[in-house]
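Asks: Below: sequence and its predicted model.
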Amino acid sequence: MGETTKRPLRALSSERARAIGVIVALAVLGTAGTLLENELSDLPRTKARPILDPAKAPALGEGVPPFYWSFLDGLDREWTSLSRTSLRNEGLQVMTDRGSGYQLLSRRLRLPPGRYRVTCRFRIVEGALSLAVLDQVDQAFLTSGTYTEADGPGTLTLSVAFRTRERRSISVVLSNGSPTGRSEWLLKSVTLARM
C-alpha cells in the first residue's frame with residue numbers, strides 16, 4: 001500500500017473565498033456552465049488580478065462583473081501608477097501632485113459591443129477623485145465622473161456607465177479630480193461589469 005503524504009490544511013484567503021463566492025453566484029444564476037470547469041484552476045493567486053481573463057470570459061448576464069480588482073493588498077499588477085502609492089490598512093493610499101492628471105491606469109481591455117459600468121470603491125482623505133474610461137484607439141474618454149471630499153465622508157462608491165457599438169480597447173483611468181490642488185485617496189476596489 002502506498003504511503004499518503006499529509007499536508008496541513010490552509011485557511012482560505014479572503015481573495016480566494018471571494019473568488020469562490022463569485023463562481024457560486026455564477027452557478028446560481030445559471031451562467032457558470034463551462035466557466036466552472038475551465039476557470040477553477042485559474043482562480044486569482046492574489047487580490048490584484050481580475051477574476052476572469054477577458055480572453056476566456058463568456059458572454060455574461062446582467063450585472064455579473066467580468067473584472068474585479070482589489071487594492072487591499074497593494075497596487076494591482078495590471079495597473080500602472082503615475083503617482084506615489086503605499087499600502088495602508090484600508091487599501092492603497094494614492095497621493096497625487098497638484099493639477100489633474102492620470103494617477104492610475106488599468107491595462108488595455110478589449111470589450112465586445114455592449115453597455116458597461118465601472119465602479120470604484122474608495123475613501124477620499126483630501127481633494128477629489130475622477131474615474132474615467134479611455135478609448136485606447138481614439139485617445140478619448142467614453143465617460144467620466146468626479147467625487148470630491150465635499151460630497152461626503154466615509155467609504156464611497158463612484159460609478160460611470162458607457163456603451164460600445166463595436167469591439168473597443170479601453171483602459172480605466174483614475175485621476176486627480178482637483179484641478180488646482182493635491183488629492184489623497186484610499187483605493188479599495190474597481191469593478192467593470194456588463195449592464
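Replies: Arrived safely.
Asks: Need the contact partners of stretch 175-182.
Replies: By C-beta atoms under 8 Å, 6 or more residues apart in numbering, the surrounding residues in contact with stretch 175-182 are 95-103, 126-130, 132, 146-148, 183. Quick note: C-beta positions are derived from backbone N, CA and C, even for glycine.
Asks: can you count the residues close to residue 121?
Replies: Residue 121 has 18 neighbouring residues, counting by other C-beta atoms under 10 Å.
Asks: cool, and residue 163?
Replies: Residue 163: 12 surrounding residues under other C-beta under 10 Å.
Asks: Repeat that for residue 96.
Replies: With other C-beta under 10 Å as criterion, residue 96 counts 27.
Asks: Grab the nearest non-local neighbour of it.
Replies: Once flanking residues are discounted, residue 96 sits nearest to residue 176: 4.0 Å by C-beta to C-beta, 6 or more residues apart in numbering.
Asks: for that neighbour, phi and psi?
Replies: The phi and psi torsions at residue 176 (degrees, to the nearest 10) take the values phi -70, psi 120.
Asks: returning to what we had before: of the contacts of stretch 175-182, grab the buried ones for ChimeraX.
Replies: Of these, the buried ones go into a single ChimeraX selection, burial set by 16 or more other C-beta atoms under 10 Å:
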select :95,96,100,102,103,127,128,129,130,132,146,147,183
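Asks: Mind listing what's buried along stretch 181-195?
Replies: 183-194.
Asks: Local confidence estimate at residue 173?
Replies: If you check residue 173, the pLDDT there is 96.
Asks: Take the contacts of stretch 175-182 and keep only those in helices.
Replies: Within the contacts of stretch 175-182, no residue falls in helices by DSSP state H.
Asks: Having no further points to raise, I will conclude here.
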